[in-house]
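Chemist: fold the following for me, if possible:
(chains A and B)
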There are 2 protein chains.
Amino acid sequence: MIKEVIAHIESNADTYVERLKEFLGIPSVSTEESHKVDMRRAAEWVHRCFADFDITSEIIDTPGHPCVIADTGPVTGGGPTVLVYGHYDVQPVGEVSLWHSKAFDPTIREGAIYARGAADDKGQIFTHILAAESWMKVAGKFPTRFKFIVEGEEEIGSPSLDGIIRKQSDRLACEYVALSDTPKFSADTPAITYGTKGMVYKEIVVCGPKQNLHSGSYGGTLANPGNVLAEIIASLKDADNRVTIPGFYDDVRELTDEERDSIRSLDFDEAGYLAAMGAPSLDGEQGYTTLERRWARPTCDVCGLFGGFTGEGASTIIPATVMGKVSMRLVPDQDPEGISKAFDDAVRAAAPKGVKLEIKTHATCAPYVCPLESPGMKAATEAIEAGFGTKPLLTREGGSLPILPLFKEVLGADSLLMGFCNPDCNAHGPNEFLGVDDFHNGIKAAAHFVDRIAKLP
Amino acid sequence: MIKEVIAHIESNADTYVERLKEFLGIPSVSTEESHKVDMRRAAEWVHRCFADFDITSEIIDTPGHPCVIADTGPVTGGGPTVLVYGHYDVQPVGEVSLWHSKAFDPTIREGAIYARGAADDKGQIFTHILAAESWMKVAGKFPTRFKFIVEGEEEIGSPSLDGIIRKQSDRLACEYVALSDTPKFSADTPAITYGTKGMVYKEIVVCGPKQNLHSGSYGGTLANPGNVLAEIIASLKDADNRVTIPGFYDDVRELTDEERDSIRSLDFDEAGYLAAMGAPSLDGEQGYTTLERRWARPTCDVCGLFGGFTGEGASTIIPATVMGKVSMRLVPDQDPEGISKAFDDAVRAAAPKGVKLEIKTHATCAPYVCPLESPGMKAATEAIEAGFGTKPLLTREGGSLPILPLFKEVLGADSLLMGFCNPDCNAHGPNEFLGVDDFHNGIKAAAHFVDRIAKLP
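Modeler: Numbering: from 1, shown residues only, chains lettered A, B, ... in the order given. The predicted structure follows:
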């Protein structure tokens, strides 16, 4: 039957691209209140996809953005049950002028679809939806039970998902979670990501005088919130780029010699990676290679700074308030709650008494590592090889997926992360894209995955 | 004759306030290109004032904003020639929501006129124009030669003024410069400021990757421009709040014991000063009192920070570019050019090779100190006492007036700084104001000043 499914997918390639463009055209930015209506439109669009090929689908309302759950229902025979996860929300557009085509006007250039969400994650979750549709259209039924959950709050830390999964744990019960929200290893080589980082995302607000002051009349007589914020942020790292927050590294699972050897044996194109970023040089924690830092070392990065006079030229003020946003990426076995508290303590310890501090926590999430030897991992590996014609590499990822530790805890299921987009796909930046071939191969890999899972005992 | 002039001023008090409100209603923000037309309107408004009471006046065009020059012409008898300086440009409005009435809709509340420029400097320069008008209307002529120069580029560092003064040094020749662009010592006590700080205003732009990157996929592998900017700024000061730029203090003229005693004997209301700022506590360079730091110690203050994600909530990016604006206030005998270069060197030395730096210099200006024993200083002191009914205190100022060292160098003239506005007048912040009584007393003091100068040998 898989042959006929693949043939169906190949004969519908152009239609699929058109349908993806329609999905990408909905500006479902979860961080911005003004897109609330678009969020609902995107959820309804996903819901209609499932309804159109006759599997049960429901929109679940949340205090934030809605979530779509679908289910093929029980299947005679077949293998383990799989829950496919994805998200229809996307990052903000950012600096509009840097986009070569509009973020929500999907445009095909040089074999790729450019739009916000093309890779992260609309384009990738849509491969699984289209694979499911193909199975239903060709075979009339699924060979094993598949469930789907497509949420709208991933980019804001999935605040509602925890409650949904805990409340509906029976309905969502599964042996594996499958998702495509990670990249390939390189343009030529797909990947299965077996580890993701955790995250603690903070905002430090430093308040000094009640309003902006003349830097001449008042300078030198009070703590300047701008200087203080700089001192606080600078105090978080030492000259070797190690994080100085007390206890930060205590629970870090060090790489084994085997893992370090394995990572070093990968054909990682460091020059290409640097060129894609466009930075003058690579840099980071002393004592680790670039890939080790990226996959297995925790980080502490400024995401945004704002305060005082930010227009053209000179305005000589002492800002009343400045803020800095900082994301820390965590690795096994760091505990987000412990790191969150240690961060707050370190920040407060670094501030002089001449300012008031407010520390906001915008997101926390645990790191995750999937066991490499499992039937599901074998099925995913074979499916990707069948879809792309290339064996996937096993990699780890610097990004965070808060749902992985959650699925493990509540459903007892490990997650299979199948990456179809390019590593330089500009997720979160301007000109995000997904290769058209990767999109098609991803649909085929997802269809093969259904087949392979169904054949497991 | 001075009696009649003062009587004329008193009988026109209400009209003067209405005319000031008209002047303040012109949004002459020199830092913003969009206000170019308003700048011209403000210059023409000042020009018309002089023309209306029959003294020669001219608008001088510059590559930036126009400048108004007026002159009573030679006078039979009389004393020294005085050049009155002021500026009609104002600071940007800043955070609009913090203003209790619109910045360019002058409003009287509790005995004060609230508007951008009320104190700095439209309200204060207008006192001298009205005093001149009163002399002309009552006496029909000036008792000594007065000249006026009112520029439109003070808030952007007076880039054109240098050229005008050098080119027209004959036309502007004078024994003293008089200006009111500084505050009183306290609400009750007017002041003559005999020293101002210099300034070097910098903008540091830190560039890393060519665009914002996902902080998970790339974090830990490259220098983050936000962290680097924080480290650069933090490196500029030590734990005692002393500036660490090599050579920064080399040319600082230390306060003499006499000066320190004199400053300490002043009835400075530190609690009131702190309350007006609304900061949790005072802070600054160790080893100096608040007034010493304010008047006689150099500073290094962040004026603005911007970069990366600055919206609500969390966006997990590494910013491509961040910028910080920093103003350094200098004291005698620091050299702005030398400090500017030392700053650039220190900033470059603090940056890792993983970023590119751009350092912009938006303004430089030398510090200035006026000799305390001179006939002009005596005339100014008596005039203020006559206008306000209170003897002025001799103070120094943390702010910078780039024209003072310029007048000294080119015209050989020392500057008399007569302060009529409150020290907490919110110059550069929201709700800038000038007391109505201070406005009227200032006009009288300026009229007495003409009289006293005319009587000098």
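
Chemist: closest residue of the stretch 1-150 of chain A to chain B?
Modeler: Taking Cβ to the nearest Cβ as the measure, the stretch 1-150 of chain A has residue A:31 as its residue closest to chain B, at 5.0 Å. C-beta coordinates here come from the backbone N, C-alpha and C atoms, glycine included.

Chemist: residues in contact with the closest residue to residue A:56 other than its chain neighbours?
Modeler: Excluding the flanking residues, the one nearest residue A:56 by Cβ to Cβ, 6 or more residues apart in numbering or on different chains is residue A:71, at 5.1 Å. Residues near residue A:71 by Cβ atoms under 8 Å, 6 or more residues apart in numbering or on different chains: A:55-57, A:145-148, A:171.

Chemist: measure the residue of the stretch 1-150 of chain A closest to chain B to residue A:159 for me?
Modeler: 12 Å (Cβ to Cβ, to the nearest Å).

Chemist: one more: residue A:147?
Modeler: Taking Cβ to Cβ, one finds residue A:147 at 22 Å from residue A:159.

Chemist: now the strands for the stretch 51-200 of chain A?
Modeler: Here the stretch 51-200 of chain A has its strands, by DSSP state E, counting those that start in this stretch, at A:56-60, A:67-71, A:82-87, A:107-109, A:112-114, A:146-151, A:176-179, A:191-196, A:198-207.

Chemist: wait, I meant the stretch 351-457 of chain A
Modeler: Here the stretch 351-457 of chain A has its strands, by DSSP E, counting those that start in this stretch, at A:356-365, A:368-369, A:393-396, A:414-419, A:433-435.

Chemist: and the ones you listed: which comes nearest residue A:141?
Modeler: The minimum distance between residue A:141 and these falls on strand A:414-419, with 22.7 Å, by Cβ to Cβ.

Chemist: contact partners of that closest one?
Modeler: Here strand A:414-419 makes contact (Cβ under 8 Å, 6+ apart) with A:85, A:176-185, A:190-194, A:196, A:368, A:370-371, A:374, A:376-377, A:379-380, A:383-384, A:392, A:395, A:397, A:401, A:403-404, A:407-408, A:442, A:445-446, A:449.

Chemist: same question, stretch A:23-36
Modeler: Where contact means Cβ under 8 Å, 6+ apart, the residues beyond stretch A:23-36 that reach it are A:38-39, A:41-42, A:45-46, A:64-65, A:88-93, A:103-106, A:113, A:115-118, A:122-123, A:126, A:152-156, B:311-315.

Chemist: which ones among those lie within helices?
Modeler: Counting by DSSP state H, the members of those that fall within helices are A:38-39, A:41-42, A:45-46, A:122-123, A:126.

Chemist: buried subset of those residues, written for ChimeraX?
Modeler: Selection of buried members from the ones in helices among the contacts of stretch A:23-36 for ChimeraX, criterion 16 or more other Cβ atoms under 10 Å in any protein chain shown:
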select /A:38,39,42,45,46,122,123,126
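
Chemist: any regions of the stretch 301-450 of chain A where pLDDT drops low?
Modeler: For the stretch 301-450 of chain A, applying pLDDT under 70 flags no range at all.

Chemist: would you mind splitting chain A into its domains for me?
Modeler: For chain A, automatic domain parsing gives the domain ranges A:2-196+A:367-454, A:198-252+A:298-365.

Chemist: ends of the shortest one, what's the gap?
Modeler: Taking Cα to Cα, to the nearest Å, the span from the opening residue of domain A:198-252+A:298-365 to its closing residue is 5 Å.

Chemist: quick one: that domain to chain centroid distance?
Modeler: The chain centroid and the centroid of domain A:198-252+A:298-365 are separated by 24 Å under Cα atoms, centre = their mean, to the nearest Å.

Chemist: again, but for the longest one
Modeler: Relative to the chain's own centre, domain A:2-196+A:367-454 is displaced by 11 Å; criterion: Cα atoms, centre = their mean.

Chemist: thinking again about what came up before, of the contacts of residue A:71, buried ones?
Modeler: By the neighbour-count criterion of 16+ other Cβ under 10 Å, the contacts of residue A:71 include these buried positions: A:55, A:57, A:145-148.

Chemist: may I ask which two of those residues are separated the most?
Modeler: Within the buried ones among the contacts of residue A:71, A:57 and A:145 form the most distant pair, 14.8 Å apart (Cβ to Cβ).

Chemist: pick out the shakiest of the strands of the stretch 51-200 of chain A, pLDDT-wise.
Modeler: Note on these: strand A:191-196 shows the lowest mean pLDDT, a mean of 92.

Chemist: just the C-alpha atoms of that one, please, in PDB.
Modeler: Extracted in PDB, the C-alpha atoms of strand A:191-196 (Å, rounded to 0.1, in the frame of the first residue of the first chain):
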ATOM      1  CA  ALA A 191      18.600  14.300  10.900                       C
ATOM      2  CA  ILE A 192      16.900  12.800  13.900                       C
ATOM      3  CA  THR A 193      17.500  15.100  16.900                       C
ATOM      4  CA  TYR A 194      17.800  13.000  20.000                       C
ATOM      5  CA  GLY A 195      18.400  15.800  22.500                       C
ATOM      6  CA  THR A 196      17.100  19.400  23.000                       C
END
